[in-house]
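In: generate a structure from the sequence data that follows.
(one chain, ligands or ions: 1)
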Amino acid sequence: MDQIFYSPLNGVPSESKLATYMVTPQSPEFIPRLNSSPSFYSPYSSVIANGSCGSNGGGGAGGVVVPPIVAKPTSVLGAPACPSTAYSAVTPIKGRPLIRGDSPQSTNNDSPRLTPQPSPPPTTAIHQENVGGTTYFYPAAAAAGVTTTSQACSSSSPENGGRYGQHHTAAAAAAQMSLSFTHPGHVYPGPASSVLSLQPKTLLSSAFFMPSEMRSSIQARNAISNTLETGGMELPLEVDNYHGLCPLEPMAVNLKLPVPASSYKATHSNTGVKYFLRRIHGFRLQSTKCMSVVEMWKKLQHSNVVQLREVFTTKAFGDHSLVLVYDYHPGSQTLLSKYFTPSVETNGYTDPFSGEARPFSHKSSLQRTVNGPMLAENEIWFIIMQLTAGLRAIHQSGLACRTLDPTKIIITGRRVRFSCLGISDIVSFDPNQANQLAVITHYQQEDLTSLGKLVLALACRCLHSIHRDQVQASIELVARNYSSDLRNLILYLLTTTNRRAVSDLMPMIGARFYIQLDALQTQCDMQDDELAKEMENGRLYRLLVKLGCINERPELNMDVTWSETGDRYMLKLFRDYLFHSVSEDGRPWLDHAHIVQCLNKLDAGTMEKNILKTCS
Ligand SMILES: Nc1ncnc2c1ncn2[C@@H]1O[C@H](COP(=O)(O)OP(=O)(O)OP(=O)(O)O)[C@@H](O)[C@H]1O
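Out: Okay, the predicted model is just below:
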């Protein structure tokens, strides 16, 4: 529970138990107030009417309106003339299904449920009433409202021939035109029209929850992040400040790094945050001078770079190991596994006209790849843009990537990141090197050549395409299938006679940049909308937690401060109104919109009244 304390502002008497659970419209948080004076910004006035004896002409059910805030508990618990203890919030089920753009209210035109009404100005005048030993507090304005509503109630009583519940409630709603949500901003207003057109066909569930693809992808990432599979490897329980090591690759040998290495996911022992550890096997740090380079890498923050967090040496693995700690991005794939791994035959059928099986194929050997179809040009440019963005940040920091290889670039969803940066700088650090800058410039040029090879391999969807004797054929393939801009970019990067710079690639990307920017911003809009939805869901969840903690505590021996008696009994009635409503013929009446709407009203502290009928 959130421990938020407010200074007293209005005049609700401190004896009120309700004050303990008051939710302020300004900040609808649970306010535990033990041994402190009450502190409310404005009167809490969520109204729950209790069931009471009575009958109507229609179905033998009856109801009364009780004062706002609290009701007389004995009218339910000890109603002598009403043997039935069952009560129900009668709500018609005549509504049509909720469709996009509908508010839950609009589905039931003849529903007795109350519509949000304009709220009265905050008042500090409190009306106090003692009924049967229980003291009730409500704002003076509400007290007047009660009178009005009670009068409306009697005028539509069964004796007057009205259908008591519905007519009465409608009258109550009419009598409270001046009441409303104090904070209409606390309700998800539905998607913006700009987002609506981007979403797949509306499902009712999407009105409340995120799309199932988004949920399953987040769930998959979380599952990967939480896994503790060690793959049968004997690993130390703790390595420096990290525990829960899980290997991320079966073999402890890394082919693309200058030294044997292995990678793990691990949890930081103090913070519980997960990190990616790259262990360099059997490595002794010769000189601490290389720590200056480590510091430079640690400072480099970019959305296309996996950030280096720290470097330490350890003997926990039984040897002298160097461990580099990076940010962990669950669900990542290397570019190699995503784009250069042979696709699996799904049905056992092999196309006899593909690959080497067709010797006189018009296809070149480059095209006879089983890595999947050639990529759409936009996808290649999307990768180029992210790689050049990351590379630009690296080079501008006076560093070089040095491991620009498909196994050392990871892709998470649509995000591409350089991974394992700084390893080459540490393991091949030469303290005697006089001109470090000249060396870096050389490595930066090598980065650009490697980038050219990678783009060529991506365009041909084949790693063989960058072999010396294949390069010419590969570039012809690119010229045939893609724009001249892509071909020119590759040629520029592979022409090692000129001094190249990553910033020169920007004009070649040109207006494609705007396409990608548009795609990203559209994605941001959609995610923003989902966030708004989930924010409201989180608020409702907290509210339910609070209700759940208070409701149904018979073990507290009918203590008046608990829910079986006294003020908190109203919360139990409200819970039943939320979840246990039945239709007029006694069938369970389940409506998500009703629950959401009622919780929102509770949270906002509306002055509305609901009728609960006792079943005869
Ligand atoms: N920062 C990271 N967060 C999460 N997973 C990562 C991260 N960096 C790499 N990985 C994943 O860890 C696994 C191992 O990475 P590694 O760089 O060793 O790739 P590799 O293909 O095994 O390379 P090599 O052939 O050189 O061993 C890969 O599946 C990669 O997707």
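In: please count neighbours and contacts with C-alpha atoms only from this point.
Out: OK.
In: where does pLDDT dip in the stretch 51-200 of the chain?
Out: Applying pLDDT under 70 to the stretch 51-200 of the chain picks out residues 51-186, 197-200.
In: and for the one residue in the stretch 501-616 of the chain that gets nearest to the ligand, the neighbour number?
Out: The ligand sits closest to Leu520 of the stretch 501-616 of the chain, with a gap of 21.9 Å, by C-alpha to the nearest ligand atom. Look at Leu520: counted by other C-alpha atoms under 10 Å, it has 13 neighbours.
In: from the contact counts, what lies against the helix or strand containing it?
Out: Counting by DSSP states H and E, the element that carries Leu520 is helix 512-550. Helix 512-550 sits against helix 193-196, helix 377-396, helix 592-604, with contacts defined as 3 or more C-alpha pairs under 8 Å, 6 or more residues apart in numbering; DSSP states H and E.
In: which other helices and strands contact the second one?
Out: Translated: helix 377-396. strand 415-418, helix 436-460, helix 512-550.
In: residues contacting the following helix or strand past the first one, please?
Out: Moving toward the C-terminus from strand 415-418, the first helix or strand encountered (DSSP H and E) is helix 423-427. Identification of contacts with helix 423-427 by C-alpha atoms under 8 Å, 6 or more residues apart in numbering yields 257-259, 285, 290, 293-294, 324, 402-403.
In: how many other residues sit next to the residue of the stretch 351-500 of the chain found nearest the ligand?
Out: Relative to the ligand, the nearest point of the stretch 351-500 of the chain is Thr407 (4.5 Å; C-alpha to the nearest ligand atom). Thr407 is flanked by 19 other residues according to other C-alpha under 10 Å.
In: swap in the one 10 residues further on?
Out: Other residues near Arg417 number 27, with proximity taken as other C-alpha under 10 Å.
In: could I get the contacting residues of it?
Out: Going by C-alpha under 8 Å, 6+ apart, Arg417 touches 303-306, 386-387, 390, 409-411.
In: any chance of JSON lines for the helices and strands packed on helix 377-396, columns mean pLDDT?
Out: Compiled in JSON lines, those are given as follows (pLDDT from 0 to 100):
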{"stretch": "strand 415-418", "mean pLDDT": "97"}
{"stretch": "helix 436-460", "mean pLDDT": "92"}
{"stretch": "helix 512-550", "mean pLDDT": "91"}
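In: okay, these, which one's buried deepest?
Out: strand 415-418 (a mean of 23; mean count of other C-alpha atoms under 10 Å).
In: check whether that one contacts the ligand.
Out: No. If you take C-alpha under 6 Å from any ligand atom as the test, strand 415-418 misses the ligand, and the best it gets is 8.4 Å.
In: can I get that strand in PDB, CA atoms only?
Out: Provided in PDB are the C-alpha atoms of strand 415-418 (Å, rounded to 0.1, in the frame of the first residue of the first chain):
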ATOM      1  CA  ARG A 415      15.900  -2.800 -32.700                       C
ATOM      2  CA  VAL A 416      19.400  -3.400 -33.900                       C
ATOM      3  CA  ARG A 417      22.300  -3.100 -31.400                       C
ATOM      4  CA  PHE A 418      26.100  -3.500 -31.500                       C
END
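In: distance check, Thr449 against Cys524.
Out: Distance, Thr449 to Cys524, by C-alpha to C-alpha, to the nearest Å: 33 Å.
In: check the helices and strands packed on helix 512-550 for me and report the most buried one.
Out: Burial of these is given as mean neighbour count (mean count of other C-alpha under 10 Å); helix 592-604 ranks first at a mean of 20.
In: could you check how far Pro342 is from the ligand?
Out: 14 Å (C-alpha to the nearest ligand atom, to the nearest Å).
In: quick check: closest non-adjacent residue to Gln516.
Out: Leaving aside its sequence neighbours, Gln516 sits nearest to Phe382 (C-alpha to C-alpha, 6 or more residues apart in numbering; 6.8 Å).
In: same question, Val195
Out: Met526 (6.0 Å).
In: ditto for Leu578
Out: Spatial nearest neighbour of Leu578, excluding adjacent residues (C-alpha to C-alpha, 6+ apart): Ile595 at 5.4 Å.
In: same question for Leu540.
Out: Leu540's closest residue in space is Leu599 (C-alpha to C-alpha, 6+ apart), at 6.7 Å.
In: the one you found reaches Arg539, doesn't it?
Out: No. Leu599 is beyond contact range of Arg539, at 9.6 Å (criterion: C-alpha atoms under 8 Å).
In: around the ligand, pick out the residues from this structure.
Out: Contact residues (C-alpha under 6 Å from any ligand atom) of the chain with the ligand: 248-249, 253-256, 263, 276, 306, 326-330, 332-334, 407-408, 410, 419.
In: run the last query once more with 8 Å
Out: Listed as neighbours of the ligand in the chain under the rule C-alpha under 8 Å from any ligand atom: 248-249, 251-257, 261-265, 275-276, 306-307, 326-334, 336-337, 407-411, 419-420.
In: in strands, which of the residues you listed fall?
Out: Among the residues of the chain next to the ligand, the members falling in strands (DSSP state E) are 261-265, 275-276, 326-327, 333-334, 409-411.
In: list the contacts of the spatially closest residue to Val596 that is not a sequence neighbour.
Out: Among residues not flanking Val596 along the chain, Leu540 sits closest, at 7.6 Å (C-alpha to C-alpha, 6+ apart). Residues near Leu540 by C-alpha under 8 Å, 6+ apart: 596, 599-600.
In: render the CA-only coordinates of stretch 211-227 in PDB, please.
Out: Written as PDB, here are the backbone C-alpha positions of stretch 211-227 (Å, rounded to 0.1, in the frame of the first residue of the first chain):
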ATOM      1  CA  PRO A 211      -3.300  -6.500 -28.300                       C
ATOM      2  CA  SER A 212      -2.500 -10.200 -27.900                       C
ATOM      3  CA  GLU A 213       0.600 -10.000 -30.100                       C
ATOM      4  CA  MET A 214       2.100  -7.400 -27.900                       C
ATOM      5  CA  ARG A 215       1.200  -9.300 -24.800                       C
ATOM      6  CA  SER A 216       2.700 -12.500 -26.000                       C
ATOM      7  CA  SER A 217       5.900 -10.900 -27.100                       C
ATOM      8  CA  ILE A 218       6.300  -9.200 -23.700                       C
ATOM      9  CA  GLN A 219       5.500 -12.500 -22.000                       C
ATOM     10  CA  ALA A 220       8.000 -14.300 -24.100                       C
ATOM     11  CA  ARG A 221      10.700 -11.700 -23.200                       C
ATOM     12  CA  ASN A 222       9.800 -11.900 -19.500                       C
ATOM     13  CA  ALA A 223       9.900 -15.700 -19.600                       C
ATOM     14  CA  ILE A 224      13.400 -15.600 -21.200                       C
ATOM     15  CA  SER A 225      14.500 -13.100 -18.700                       C
ATOM     16  CA  ASN A 226      13.200 -15.200 -15.700                       C
ATOM     17  CA  THR A 227      14.600 -18.500 -16.900                       C
END
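In: may I see the buried residues of the host helix or strand of Met296?
Out: Of the helices and strands defined by DSSP H and E, Met296 is found in helix 291-299. Neighbour-count burial for helix 291-299, with 16 or more other C-alpha atoms under 10 Å as criterion, is recorded at 293-294, 297-298.
In: next structured bit after that helix?
Out: strand 308-314.
In: quick one: that next one to helix 291-299, angle?
Out: 140 degrees (axes from the mean of the first three to the mean of the last three C-alpha atoms, to 10 degrees).
In: in its sheet, what does strand 308-314 sit against?
Out: strand 321-327 (antiparallel) (DSSP bridges).
In: pull the residues that contact the strand it pairs with.
Out: Contacts with strand 321-327, where a contact means C-alpha under 8 Å, 6+ apart, come from 274-285, 306-315, 420, 423.
In: poorly predicted segments of the stretch 301-450 of the chain, please.
Out: 343-370, 437.
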